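Colleague: generate a structure from the sequence data that follows.
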Amino acid sequence: MIMKLYKDSRLSLLFWFSGFYFILMTCVRFGLVSFSFDQVEMTAHQYFQVFFYGILSDIGFLSYFIIPFILYIFLMPKKIWQTRVHYGLVYLVSFALIYASYFICVAEFLFWEEFSSRFNFIAVDYLVYRHEVSQNIQESYPVIWILGVILIFSLGTLALAKPSIKVSRYAKKTNFSTTFLLLCLPVVSYIALNQQSHQISQNRYLNELAANGPYQFVAAFRNNELKYQDFYLQTSSQVLAQNLQEEIKSYMPSSHWIKSPGLEIRHQVTPPNHPLGFKNLVLVTVESLSADFLGYFGNPQGLTPNLDQLASSGIVFSNTYATGSRTTRGLEAISLSIPPTPGRSLVKRPEQTTHYSIGSEFIQRGYDTKFFYGGRGYFDNMNSFFSHNGFRILDQTDLREEEIGFSNAWGVADEFLYHRLIKEANQDYQKGKNFFYYVMTTSNHRPYTFPKGRIDLPTGSREAAVKYTDWAIGDFITQAQQQPWFDDTLFVFIADHCASSAGRQDLEVSKHHIPWIMYAPKKLAPQDIQYMSSQIDVAPSIYALFGFKYTSQFFGYNVFSAKETPQLGRALIANYQYLGLLQDLGNQGTVLTYLKPQAQVTAIKHPRTQAEFIPTENWLVQRLLAYYQGAAELYEEHKLNWKLPYPVELRY
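Modeller: Numbering: from 1, shown residues only. Have a look, this model is predicted:
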């Protein structure tokens, strides 16, 4: 029956393309498996599972993709179908589909090299910000050569498709029953397959290998924002409110809870008895800086001599974890002191409002608050987010041509952004105005290019970019030490996320470990705080050093005081789908408990070493819900909002 349809039907070309597609996707899967040998030790049964469920994923995507082609083939009249013009159109569309298929294959390998994953929400973001991404690709890969090779393969494949194109041109029209049966295939796929169908193992790599890249892309596009209540485990409002209050008080016992109907987060915080007299704050969020890059944490390559020196002579929080794997997640956690909500970051959501943030108390006290970004701040919606939260914006577009000594796809080299910062600080100092500058760097990002003559490594590698990023920080501190405002300024350096977050587990704890350093040599004695902490703890810890008395809407705690409480440290680790709580249990080690869609909960003991899956404990689940369900509901109820004392100012 199939062979008869192939030989005598207009569907012959569609069948040929389906076979080509399956062969190509199988080759991609083989290739990705070979790339992952050092990460995945597969048994024969697991090999079978990867390819069996992989083929099902491929069928699922193809069944949806061919719907318009089936309808077109069935409805097109014979007198048009067999014309020379239509014949040429079929050739053109066939070539486009073949070329696109090869292009997607190459993109899958490049994406896997960068993120160890099939297409996901990051790929969706890359499609949105085409200018930066396309320029980044041009600066990172031999694009012309790649496209040329794809062209040659596509023309060769089109020649193989020519017999099927000829058969389809003069074949009889497809009957209704055949068309109906083929259109039933996507219905069956919709019923039988979903986003969980390729979840065949506790090993994340196996699940990714069994997935279909284009299918994952479409799913990520549709699920870029997940409503907590529709997908995750919940507890009652009364229990949630009590758990959240107990969680905050366990780490900040001196805080006074503000009574209010329903769920509440506001609590009054009393400052330390001996404020240190800081006047200014420079908070630098460093792009993709894993703790593993620093010599302070054991790296032998000598990539970060300046950060190592700052860590040794300042306060280093050596057990700190990033909440997510994207810049916007780091900015969200540090700025708002809020657990990550599922789906897209609050930074990227279009309905921007003013939240209680790390800038709020500085704004109340009349500080000049600015957000410095080396790139174009419309990327990831950063300008809109920070301006709505009271920061004036200074990005690449505000730098004069003579101020930009070097730039690439993502923005100006870090050193030139620091130069402008020092200039702005000197102007504020001359006006007698205290300042809070929030900096987001860009140089430690592919294509890893920077000015020549700065370090002893050539451009183009992650290690070189890390070393340049460190050099720029050292140069910045050297210049800042010569300024009159230096002694009264607190410098904070923290990563937005690690260089890579992918691993065997859904949430790879070791790939969230980041450096967090506070530096003020005249006011802070060297100290290594090993108490477990999270990016959401940055704001309340900074407020403590400034001696602020305030009504907090933060989920985080002041690490300086929390480490003195009986409660052991914790960190929040998540991606757009899995929401985790890493809990230090003292002599018992650590436990990672995390929420998954479909109201599932998973717990792993010793996640950085043995990764032993264990039954979930209710008290840990309740703490988990306090953070994530609490954050989702407070955000939706607008209880994290704050009123600026002046109108929003969009530009610097």
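
Colleague: list the helices and strands the longest helix belonging to the chain packs on?
Modeller: Counting by DSSP state H, the longest helix found in the chain is helix 84-115. Using 3 or more Cβ pairs under 8 Å, 6 or more residues apart in numbering; DSSP states H and E as the contact criterion, the neighbours of helix 84-115 among helices and strands are helix 12-35, helix 143-170, helix 213-222. (Glycine included, C-beta is placed from N, CA and C.)

Colleague: deepest in the core, which of the ones you listed is it.
Modeller: Comparing the helices and strands packed on helix 84-115 by mean neighbour count (mean count of other Cβ atoms under 10 Å), helix 213-222 comes out on top with a mean of 19.

Colleague: buried ones in the helix or strand following that one?
Modeller: Next in sequence after helix 213-222, counting helices and strands by DSSP states H and E, comes helix 228-231. Within helix 228-231, the residues scored as buried using 16 or more other Cβ atoms under 10 Å are 228, 231.

Colleague: please apply the same query to stretch 634-652.
Modeller: Neighbour-count burial for stretch 634-652 [16+ other Cβ under 10 Å]: 634, 635, 639, 640, 642, 652.

Colleague: before we move on, what about stretch 104-111?
Modeller: Neighbour counts using 16+ other Cβ under 10 Å place 104, 105, 106, 107, 108, 111 of stretch 104-111 among the buried residues.

Colleague: now do that stretch: distance to the chain's middle.
Modeller: Here the centre of mass of C-alpha atoms in stretch 104-111, compared against the chain's by Cα atoms, centre = their mean, to the nearest Å, lies 19 Å away.

Colleague: repeat for stretch 9-16
Modeller: Averaging C-alpha coordinates over stretch 9-16 and over its chain gives two centres that are 41 Å apart (Cα atoms, centre = their mean).

Colleague: average pLDDT across it?
Modeller: Per-residue pLDDT values across stretch 9-16 average out to 83.

Colleague: ok, and what's touching that stretch?
Modeller: 2, 5-6, 66, 69-70, 73, 81, 90, 94, 161, 164-165, 167-168, 171-174, 178, 182 (Cβ atoms under 8 Å, 6 or more residues apart in numbering).

Colleague: again, but for stretch 407-418
Modeller: For stretch 407-418, with Cβ under 8 Å, 6+ apart as the criterion, the contacting residues are 132-133, 135-136, 138-139, 372-376, 395-396, 399, 403-406, 439, 441-443, 445, 447, 449-451, 454, 468-469, 471-473, 475-476, 479.

Colleague: got the CA coordinates for it in CSV?
Modeller: These are the backbone C-alpha positions of stretch 407-418, laid out as CSV (Å, rounded to 0.1, in the frame of the first residue of the first chain):
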residue,chain,number,x,y,z
SER,A,407,33.2,46.6,20.9
ASN,A,408,31.7,43.3,19.6
ALA,A,409,28.3,41.8,19.2
TRP,A,410,27.3,42.2,22.8
GLY,A,411,28.7,45.6,23.6
VAL,A,412,31.8,47.6,24.5
ALA,A,413,34.7,46.0,26.3
ASP,A,414,34.4,46.1,30.0
GLU,A,415,37.3,48.6,30.6
PHE,A,416,35.5,51.3,28.7
LEU,A,417,32.3,51.0,30.7
TYR,A,418,34.4,51.3,33.9
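
Colleague: quick check: mean pLDDT across it?
Modeller: 91.

Colleague: check the buried residues of stretch 104-111 and tell me the two furthest apart.
Modeller: Farthest-apart pair in the buried residues of stretch 104-111 is 105 and 111; separation 10.8 Å (Cβ to Cβ).

Colleague: what is the neighbour count of residue 177?
Modeller: Residue 177 is flanked by 8 other residues according to other Cβ atoms under 10 Å.

Colleague: in a strand, that's where it is, yeah?
Modeller: No. When DSSP: H, G, I helix; E, B strand; the rest coil is applied, residue 177 is found to be helix, with no strand at that position.

Colleague: among the helices and strands packed on helix 84-115, which comes closest to residue 540?
Modeller: helix 213-222 (33.2 Å).

Colleague: and the buried residues of stretch 634-652, which is closest to residue 288?
Modeller: Checking the buried residues of stretch 634-652 against residue 288 by Cβ to Cβ gives residue 652 as the nearest, at 25.7 Å.

Colleague: ok, residues contacting stretch 148-164?
Modeller: Outside of stretch 148-164, the residues that reach it under the criterion Cβ under 8 Å, 6+ apart are 12-13, 15-17, 20, 91, 94-95, 98-99, 102-103, 106.

Colleague: what do you get for stretch 248-257?
Modeller: Taking Cβ under 8 Å, 6+ apart as the criterion, the residues outside stretch 248-257 that touch it are 245, 264-270, 540, 552, 555, 557-558, 561-562, 565, 567.

Colleague: mind doing that once more with 7 Å?
Modeller: Applying Cβ atoms under 7 Å, 6 or more residues apart in numbering, the contact partners of stretch 248-257 are 245, 267, 268, 269, 270, 557, 558, 561, 562, 565, 567.

Colleague: please apply the same query to stretch 373-386.
Modeller: 129, 132, 327-328, 347-348, 352, 371, 393, 395-397, 410-412, 414, 417, 440-442.

Colleague: narrow those residues to those in helices?
Modeller: The helices in this structure, assigned by DSSP H, contain 132, 327, 328, 414, 417 from the contacts of stretch 373-386.

Colleague: how far off centre is stretch 589-605?
Modeller: Taking the mean C-alpha point of stretch 589-605 and that of its whole chain, the gap between them comes to 20 Å (Cα atoms, centre = their mean).

Colleague: buried ones in it?
Modeller: Along stretch 589-605, these residues count as buried under the neighbour rule (16+ other Cβ under 10 Å): 590-597, 601-605.

Colleague: and the furthest pair within these?
Modeller: Largest pairwise distance in these, by Cβ to Cβ, is 24.1 Å, between 590 and 597.

Colleague: distance from the chain centre to stretch 316-327, please.
Modeller: The chain centroid and the centroid of stretch 316-327 are separated by 13 Å under Cα atoms, centre = their mean.

Colleague: now do it: distance from first to last residue.
Modeller: In stretch 316-327, first residue to last residue: 21 Å (Cα to Cα, to the nearest Å).

Colleague: do the same with stretch 562-573
Modeller: The first and final residues of stretch 562-573 sit 19 Å from each other (Cα to Cα).

Colleague: again, but for stretch 311-327
Modeller: 23 Å.

Colleague: could you do stretch 540-560 as well?
Modeller: Between where stretch 540-560 begins and where it ends, there is a gap of 10 Å, by Cα to Cα.

Colleague: any idea of the mean pLDDT for that stretch?
Modeller: 94.

Colleague: now that stretch: buried residues?
Modeller: 540-546, 548, 550, 552-560.

Colleague: now do the helices in the stretch 351-500 of the chain.
Modeller: Counting by DSSP state H, counting those that start in this stretch, the stretch 351-500 of the chain has these helices, from start to end: 360-364, 382-388, 414-430, 462-480.

Colleague: which one in this protein is furthest away from the centre?
Modeller: Summary for the chain: using Cα atoms, centre = their mean, the residue whose C-alpha lies farthest from the chain's mean C-alpha position is residue 79, with a distance of 52.5 Å.
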